[in-house]
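Colleague: below are the sequence and a predicted model for it; my questions follow.
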Amino acid sequence: MRRKMSSKEILKIDGSFGEGGGSILRICAGYSVLFNQPINIYNIRANRSTPGLRLQHLLGLKTLADLTNGKLSKCDVGTEEITFIPGKEIPKQNIDINIRTAASVGLLLQPLQIACLGYNKPKEIEILLKGGGTIGKWAPDLNYLENVTYNLFKSAGFRIELDIQKYGFYPKGGASTICRMYPQNKKLKPLNLTKLGNVSFVTGKIVCTKNLSNARVCERIKNSAEAKIKQELNLKANINYEYVDSLSTGVGVSLWAKSGTGAIISSGTVLGEKGTPSEKVGQEAAENIITYIKNDIPVSKYLSDQLIPLLGYINEPSKLKVLEVTSHAKTNLELIGRFTSREYEIKAHRNYSIIHFK
(Lines give C-alpha, C1' and ligand atoms only; values in the text may rest on other atoms or scores of the structure.)
Protein backbone atom coordinates (compact mmCIF):
# COMPACT_ATOMS: atom_id res chain seq x y z
CA MET A 1 0.00 0.00 0.00
CA ARG A 2 1.31 3.43 -0.94
CA ARG A 3 0.24 6.87 0.07
CA LYS A 4 0.42 9.93 -2.12
CA MET A 5 2.85 12.70 -1.44
CA SER A 6 1.46 14.85 1.33
CA SER A 7 -0.83 17.66 0.23
CA LYS A 8 -0.45 19.43 3.56
CA GLU A 9 0.87 22.96 3.65
CA ILE A 10 4.63 23.06 4.12
CA LEU A 11 5.65 23.67 7.74
CA LYS A 12 8.37 26.31 7.95
CA ILE A 13 10.89 26.02 10.78
CA ASP A 14 13.67 28.42 11.74
CA GLY A 15 16.75 26.24 12.23
CA SER A 16 18.40 28.86 14.43
CA PHE A 17 15.83 28.80 17.23
CA GLY A 18 16.52 27.20 20.62
CA GLU A 19 19.85 25.42 20.71
CA GLY A 20 20.09 26.00 16.97
CA GLY A 21 22.02 22.85 16.11
CA GLY A 22 21.70 19.71 14.09
CA SER A 23 19.13 18.12 16.39
CA ILE A 24 16.48 20.49 14.96
CA LEU A 25 17.15 19.05 11.53
CA ARG A 26 17.21 15.43 12.70
CA ILE A 27 13.98 15.60 14.68
CA CYS A 28 12.09 17.63 12.08
CA ALA A 29 13.12 15.25 9.30
CA GLY A 30 12.05 12.21 11.30
CA TYR A 31 8.79 13.83 12.38
CA SER A 32 8.12 14.92 8.81
CA VAL A 33 7.86 11.26 7.81
CA LEU A 34 6.15 10.20 11.02
CA PHE A 35 3.32 12.76 10.62
CA ASN A 36 3.39 12.97 6.80
CA GLN A 37 4.19 16.66 7.12
CA PRO A 38 6.24 18.49 4.44
CA ILE A 39 8.86 20.80 5.94
CA ASN A 40 11.03 23.72 5.00
CA ILE A 41 13.93 24.41 7.36
CA TYR A 42 15.89 27.63 6.94
CA ASN A 43 18.80 29.17 8.88
CA ILE A 44 20.17 25.65 9.38
CA ARG A 45 22.79 25.73 12.14
CA ALA A 46 23.02 29.50 11.61
CA ASN A 47 24.56 30.08 15.04
CA ARG A 48 27.38 27.59 14.56
CA SER A 49 30.93 28.46 13.47
CA THR A 50 30.30 26.39 10.32
CA PRO A 51 26.65 27.06 9.43
CA GLY A 52 24.55 24.85 7.20
CA LEU A 53 24.45 21.12 6.69
CA ARG A 54 27.38 18.95 7.74
CA LEU A 55 27.95 15.63 6.00
CA GLN A 56 26.09 13.60 8.65
CA HIS A 57 23.00 15.83 8.26
CA LEU A 58 23.16 15.60 4.48
CA LEU A 59 23.49 11.81 4.57
CA GLY A 60 20.65 11.53 7.06
CA LEU A 61 18.31 13.57 4.85
CA LYS A 62 19.25 11.74 1.65
CA THR A 63 18.88 8.36 3.36
CA LEU A 64 15.48 9.31 4.73
CA ALA A 65 14.35 10.41 1.27
CA ASP A 66 15.67 7.18 -0.23
CA LEU A 67 14.13 5.01 2.50
CA THR A 68 10.65 6.50 2.09
CA ASN A 69 10.74 7.63 -1.56
CA GLY A 70 10.43 11.22 -0.40
CA LYS A 71 11.46 14.39 -2.23
CA LEU A 72 14.43 16.42 -0.96
CA SER A 73 15.39 19.78 -2.43
CA LYS A 74 18.85 20.10 -3.95
CA CYS A 75 21.36 20.40 -1.14
CA ASP A 76 25.00 19.84 -0.22
CA VAL A 77 27.39 20.38 2.68
CA GLY A 78 26.92 24.01 3.74
CA THR A 79 23.33 24.34 2.47
CA GLU A 80 21.34 26.51 4.90
CA GLU A 81 17.79 25.82 3.68
CA ILE A 82 16.08 22.58 2.67
CA THR A 83 12.59 21.40 1.76
CA PHE A 84 11.56 17.81 2.37
CA ILE A 85 8.32 16.13 1.31
CA PRO A 86 7.82 12.67 2.82
CA GLY A 87 6.96 9.83 0.49
CA LYS A 88 5.50 6.34 0.42
CA GLU A 89 3.98 4.21 3.16
CA ILE A 90 6.25 1.17 3.25
CA PRO A 91 10.00 1.89 3.47
CA LYS A 92 12.74 -0.09 1.80
CA GLN A 93 14.01 -3.15 3.64
CA ASN A 94 17.69 -2.55 2.93
CA ILE A 95 19.69 0.66 2.78
CA ASP A 96 23.45 1.14 2.34
CA ILE A 97 25.12 4.33 3.59
CA ASN A 98 28.73 5.28 2.79
CA ILE A 99 30.23 7.84 5.16
CA ARG A 100 33.48 9.45 4.03
CA THR A 101 34.29 11.17 7.32
CA ALA A 102 34.10 10.44 11.06
CA ALA A 103 30.50 11.70 11.14
CA SER A 104 28.58 10.17 14.04
CA VAL A 105 26.76 6.96 13.13
CA GLY A 106 24.51 7.38 16.17
CA LEU A 107 23.35 10.85 15.14
CA LEU A 108 22.86 9.79 11.53
CA LEU A 109 20.49 7.05 12.69
CA GLN A 110 18.30 9.38 14.79
CA PRO A 111 15.97 10.73 12.05
CA LEU A 112 15.61 7.22 10.63
CA GLN A 113 14.59 5.71 13.96
CA ILE A 114 12.07 8.51 14.56
CA ALA A 115 10.58 8.05 11.08
CA CYS A 116 10.25 4.28 11.56
CA LEU A 117 8.13 4.68 14.71
CA GLY A 118 5.04 5.04 12.55
CA TYR A 119 5.51 1.97 10.36
CA ASN A 120 4.30 -1.59 10.91
CA LYS A 121 5.94 -2.96 7.73
CA PRO A 122 8.33 -4.38 6.70
CA LYS A 123 9.19 -6.75 9.56
CA GLU A 124 12.81 -5.63 9.47
CA ILE A 125 14.72 -2.67 8.04
CA GLU A 126 18.46 -3.27 7.70
CA ILE A 127 20.82 -0.32 7.36
CA LEU A 128 24.45 -1.02 6.47
CA LEU A 129 26.72 1.88 7.37
CA LYS A 130 30.23 1.88 5.95
CA GLY A 131 32.49 4.52 7.46
CA GLY A 132 31.79 7.14 10.10
CA GLY A 133 32.50 7.30 13.80
CA THR A 134 31.08 4.96 16.42
CA ILE A 135 32.53 7.02 19.29
CA GLY A 136 33.06 10.77 19.11
CA LYS A 137 32.45 14.21 20.60
CA TRP A 138 28.96 15.61 21.18
CA ALA A 139 27.27 12.37 20.16
CA PRO A 140 26.04 9.16 21.80
CA ASP A 141 28.40 6.25 21.17
CA LEU A 142 26.93 3.04 19.82
CA ASN A 143 27.55 0.99 22.97
CA TYR A 144 25.58 3.59 24.92
CA LEU A 145 22.76 3.58 22.38
CA GLU A 146 22.55 -0.20 22.31
CA ASN A 147 22.59 -0.72 26.08
CA VAL A 148 20.75 2.37 27.32
CA THR A 149 18.62 4.23 24.75
CA TYR A 150 17.56 1.26 22.64
CA ASN A 151 16.84 -0.87 25.72
CA LEU A 152 14.31 1.76 26.82
CA PHE A 153 12.92 1.99 23.28
CA LYS A 154 12.38 -1.76 23.56
CA SER A 155 10.47 -1.25 26.82
CA ALA A 156 8.15 1.06 24.86
CA GLY A 157 7.73 -1.57 22.12
CA PHE A 158 10.22 -0.45 19.44
CA ARG A 159 13.22 -2.73 18.88
CA ILE A 160 16.51 -1.59 17.37
CA GLU A 161 19.65 -3.73 17.22
CA LEU A 162 23.22 -2.74 16.46
CA ASP A 163 26.06 -4.90 15.17
CA ILE A 164 29.35 -3.01 15.48
CA GLN A 165 31.71 -4.76 13.08
CA LYS A 166 34.47 -2.15 13.22
CA TYR A 167 34.94 0.92 15.40
CA GLY A 168 35.64 4.37 14.01
CA PHE A 169 37.19 7.41 15.71
CA TYR A 170 37.93 11.00 14.69
CA PRO A 171 39.40 12.11 12.30
CA LYS A 172 39.35 9.17 9.84
CA GLY A 173 36.25 7.28 10.92
CA GLY A 174 36.17 4.05 8.95
CA ALA A 175 33.60 2.20 11.08
CA SER A 176 31.39 -0.61 9.88
CA THR A 177 27.96 -1.02 11.47
CA ILE A 178 24.72 -2.83 10.78
CA CYS A 179 21.56 -1.37 12.29
CA ARG A 180 18.32 -3.35 12.26
CA MET A 181 15.02 -1.67 13.07
CA TYR A 182 11.86 -3.68 13.65
CA PRO A 183 8.65 -1.72 12.98
CA GLN A 184 6.09 -2.63 15.64
CA ASN A 185 2.66 -4.16 15.09
CA LYS A 186 1.44 -3.24 18.55
CA LYS A 187 0.67 0.08 20.17
CA LEU A 188 3.72 1.73 21.71
CA LYS A 189 3.74 1.94 25.50
CA PRO A 190 4.45 5.08 27.54
CA LEU A 191 7.44 5.37 29.85
CA ASN A 192 7.20 6.64 33.41
CA LEU A 193 10.68 7.04 34.80
CA THR A 194 10.27 9.09 37.97
CA LYS A 195 12.21 6.94 40.46
CA LEU A 196 15.60 5.37 40.09
CA GLY A 197 15.08 2.86 42.88
CA ASN A 198 17.64 0.26 43.86
CA VAL A 199 20.87 -0.05 41.89
CA SER A 200 23.06 -2.99 42.84
CA PHE A 201 25.54 -3.22 39.99
CA VAL A 202 27.33 -0.93 37.51
CA THR A 203 28.71 -2.13 34.20
CA GLY A 204 29.75 -0.55 30.91
CA LYS A 205 32.20 -0.70 28.03
CA ILE A 206 35.64 0.82 27.46
CA VAL A 207 36.93 0.82 23.88
CA CYS A 208 40.53 1.75 23.02
CA THR A 209 42.60 1.25 19.90
CA LYS A 210 45.25 -1.47 19.99
CA ASN A 211 48.16 0.96 19.85
CA LEU A 212 47.26 1.93 23.44
CA SER A 213 47.38 -1.59 24.83
CA ASN A 214 51.03 -1.44 25.96
CA ALA A 215 50.14 1.55 28.14
CA ARG A 216 47.25 -0.52 29.58
CA VAL A 217 44.83 2.35 28.96
CA CYS A 218 41.68 0.21 29.16
CA GLU A 219 42.78 -1.48 32.37
CA ARG A 220 43.70 1.80 34.05
CA ILE A 221 40.34 3.40 33.12
CA LYS A 222 38.51 0.31 34.38
CA ASN A 223 40.38 0.19 37.70
CA SER A 224 39.94 3.91 38.29
CA ALA A 225 36.20 3.91 37.55
CA GLU A 226 35.49 0.77 39.57
CA ALA A 227 37.45 2.07 42.56
CA LYS A 228 35.59 5.40 42.49
CA ILE A 229 32.19 3.68 42.32
CA LYS A 230 33.13 1.39 45.20
CA GLN A 231 34.39 4.32 47.27
CA GLU A 232 31.39 6.61 46.69
CA LEU A 233 28.50 4.14 46.45
CA ASN A 234 29.82 0.90 47.92
CA LEU A 235 28.53 -0.83 44.78
CA LYS A 236 30.08 -3.62 42.78
CA ALA A 237 31.17 -2.64 39.28
CA ASN A 238 32.39 -4.85 36.47
CA ILE A 239 33.26 -2.78 33.42
CA ASN A 240 34.14 -4.59 30.19
CA TYR A 241 36.88 -3.41 27.86
CA GLU A 242 38.16 -4.11 24.37
CA TYR A 243 41.18 -3.13 22.30
CA VAL A 244 40.20 -2.67 18.65
CA ASP A 245 41.65 -1.97 15.23
CA SER A 246 40.72 1.44 13.86
CA LEU A 247 42.02 3.98 11.36
CA SER A 248 42.49 6.62 14.07
CA THR A 249 43.59 6.41 17.69
CA GLY A 250 40.72 6.69 20.13
CA VAL A 251 39.39 6.06 23.64
CA GLY A 252 35.72 5.93 24.61
CA VAL A 253 33.92 4.99 27.82
CA SER A 254 30.26 4.52 28.69
CA LEU A 255 28.95 3.20 32.01
CA TRP A 256 25.38 2.18 32.81
CA ALA A 257 23.30 0.56 35.53
CA LYS A 258 19.83 -0.96 35.50
CA SER A 259 17.58 -0.33 38.47
CA GLY A 260 14.67 -2.15 40.04
CA THR A 261 12.20 0.32 38.52
CA GLY A 262 13.24 -0.43 34.94
CA ALA A 263 15.35 2.70 34.61
CA ILE A 264 18.82 2.61 33.04
CA ILE A 265 21.11 5.37 34.25
CA SER A 266 24.35 6.16 32.47
CA SER A 267 27.50 8.24 32.46
CA GLY A 268 26.95 9.14 28.84
CA THR A 269 29.94 8.94 26.50
CA VAL A 270 33.29 10.02 27.94
CA LEU A 271 36.27 10.37 25.63
CA GLY A 272 39.96 10.03 26.36
CA GLU A 273 42.01 12.94 25.08
CA LYS A 274 45.73 13.21 24.41
CA GLY A 275 47.43 14.38 27.59
CA THR A 276 44.57 13.31 29.88
CA PRO A 277 45.61 10.49 32.26
CA SER A 278 43.59 7.30 31.87
CA GLU A 279 42.77 7.40 35.57
CA LYS A 280 41.11 10.79 35.15
CA VAL A 281 38.98 9.48 32.28
CA GLY A 282 37.76 6.62 34.47
CA GLN A 283 37.02 8.97 37.36
CA GLU A 284 35.05 11.33 35.12
CA ALA A 285 32.85 8.52 33.82
CA ALA A 286 32.32 7.23 37.34
CA GLU A 287 31.49 10.68 38.72
CA ASN A 288 28.85 11.20 36.02
CA ILE A 289 26.90 8.07 36.94
CA ILE A 290 27.50 8.54 40.68
CA THR A 291 25.82 11.96 40.57
CA TYR A 292 22.63 10.50 39.10
CA ILE A 293 22.53 7.55 41.50
CA LYS A 294 23.13 9.72 44.58
CA ASN A 295 20.31 12.06 43.55
CA ASP A 296 17.84 9.27 42.63
CA ILE A 297 17.72 10.46 39.00
CA PRO A 298 16.51 7.76 36.57
CA VAL A 299 17.10 9.69 33.31
CA SER A 300 20.42 11.29 32.41
CA LYS A 301 20.53 14.59 30.53
CA TYR A 302 21.73 12.79 27.39
CA LEU A 303 18.98 10.19 27.57
CA SER A 304 16.19 12.74 28.02
CA ASP A 305 17.16 14.34 24.69
CA GLN A 306 16.77 10.97 22.97
CA LEU A 307 13.55 9.85 24.68
CA ILE A 308 11.57 13.07 24.13
CA PRO A 309 10.88 12.50 20.38
CA LEU A 310 9.65 8.97 21.18
CA LEU A 311 7.40 10.02 24.06
CA GLY A 312 6.07 12.98 22.09
CA TYR A 313 4.72 10.49 19.56
CA ILE A 314 3.24 7.98 22.04
CA ASN A 315 -0.27 9.24 22.72
CA GLU A 316 -0.37 8.34 26.41
CA PRO A 317 0.96 10.11 29.51
CA SER A 318 4.68 9.70 30.22
CA LYS A 319 6.98 11.24 32.82
CA LEU A 320 10.74 11.70 33.04
CA LYS A 321 12.64 12.79 36.14
CA VAL A 322 15.84 14.61 35.19
CA LEU A 323 18.59 16.43 37.02
CA GLU A 324 18.38 19.28 34.53
CA VAL A 325 16.36 20.16 31.44
CA THR A 326 18.99 20.79 28.78
CA SER A 327 18.73 23.31 25.95
CA HIS A 328 18.49 20.32 23.58
CA ALA A 329 15.57 18.92 25.57
CA LYS A 330 13.76 22.28 25.56
CA THR A 331 14.25 22.64 21.82
CA ASN A 332 13.03 19.09 21.22
CA LEU A 333 9.91 19.78 23.29
CA GLU A 334 9.18 22.94 21.31
CA LEU A 335 9.56 21.05 18.03
CA ILE A 336 7.00 18.45 19.11
CA GLY A 337 4.56 21.32 19.53
CA ARG A 338 5.12 22.34 15.92
CA PHE A 339 4.08 18.93 14.59
CA THR A 340 1.44 17.86 17.13
CA SER A 341 -1.05 19.26 19.62
CA ARG A 342 0.58 17.21 22.35
CA GLU A 343 0.63 18.98 25.72
CA TYR A 344 3.52 18.80 28.14
CA GLU A 345 4.75 20.63 31.21
CA ILE A 346 8.03 20.96 33.06
CA LYS A 347 7.82 21.03 36.85
CA ALA A 348 11.00 22.31 38.44
CA HIS A 349 11.86 21.11 41.93
CA ARG A 350 14.81 21.98 44.11
CA ASN A 351 17.15 19.22 42.93
CA TYR A 352 15.40 17.88 39.84
CA SER A 353 12.71 18.50 37.22
CA ILE A 354 9.81 16.41 35.90
CA ILE A 355 8.98 16.44 32.19
CA HIS A 356 5.35 15.38 31.89
CA PHE A 357 3.68 14.46 28.61
CA LYS A 358 -0.05 14.67 29.30
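Modeller: Now that the structure is in, tell me what you want to look at. The structure displayed is predicted, hence computed values, not measured ones. Numbering: from 1, shown residues only.
Colleague: please make it C-alpha for all contacts and neighbour counts, starting now.
Modeller: OK.
Colleague: and stretch 305-325, what's its mean pLDDT?
Modeller: Mean pLDDT, stretch 305-325: 96.
Colleague: ok, residues contacting it?
Modeller: Applying Cα atoms under 8 Å, 6 or more residues apart in numbering, the set of residues contacting stretch 305-325 from outside is 27, 114, 117, 149, 153, 188-195, 292, 297-301, 304, 326, 328-329, 332-333, 336, 342, 351-358.
Colleague: show the end-to-end separation of it, please.
Modeller: 9 Å (Cα to Cα, to the nearest Å).
Colleague: buried sites along that stretch?
Modeller: Neighbour-count burial for stretch 305-325, counted by 16 or more other Cα atoms under 10 Å, picks out 305-314, 317-325.
Colleague: do stretch 76-87 as well
Modeller: T79, E80, E81, I82, T83, F84, I85, P86, G87.
Colleague: work out the gap between it and the centre of the chain.
Modeller: 21 Å (Cα atoms, centre = their mean, to the nearest Å).
Colleague: what does it rub up against?
Modeller: Here stretch 76-87 has contacts from 3-6, 29, 32-33, 36-46, 50-55, 58, 65, 68-75, using Cα under 8 Å, 6+ apart.
Colleague: now do the same contact list for L152.
Modeller: A263, I264.
Colleague: likewise S353?
Modeller: Contacts of S353 (Cα under 8 Å, 6+ apart): K321, V322, L323, E324, V325, I346, K347.
Colleague: same thing but at 7 Å, please
Modeller: By Cα atoms under 7 Å, 6 or more residues apart in numbering, the residues touching S353 are K321, V322, L323, E324, I346, K347.
Colleague: secondary structure and distance to G106 for those residues - can I get that in JSON lines?
Modeller: Output for the contacts of S353, formatted as JSON lines (DSSP: H, G, I helix; E, B strand; the rest coil; distance: Cα to Cα, whole Å):
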{"residue": "K321", "secondary structure": "strand", "distance to G106": "24"}
{"residue": "V322", "secondary structure": "strand", "distance to G106": "22"}
{"residue": "L323", "secondary structure": "coil", "distance to G106": "23"}
{"residue": "E324", "secondary structure": "coil", "distance to G106": "23"}
{"residue": "I346", "secondary structure": "strand", "distance to G106": "27"}
{"residue": "K347", "secondary structure": "strand", "distance to G106": "30"}
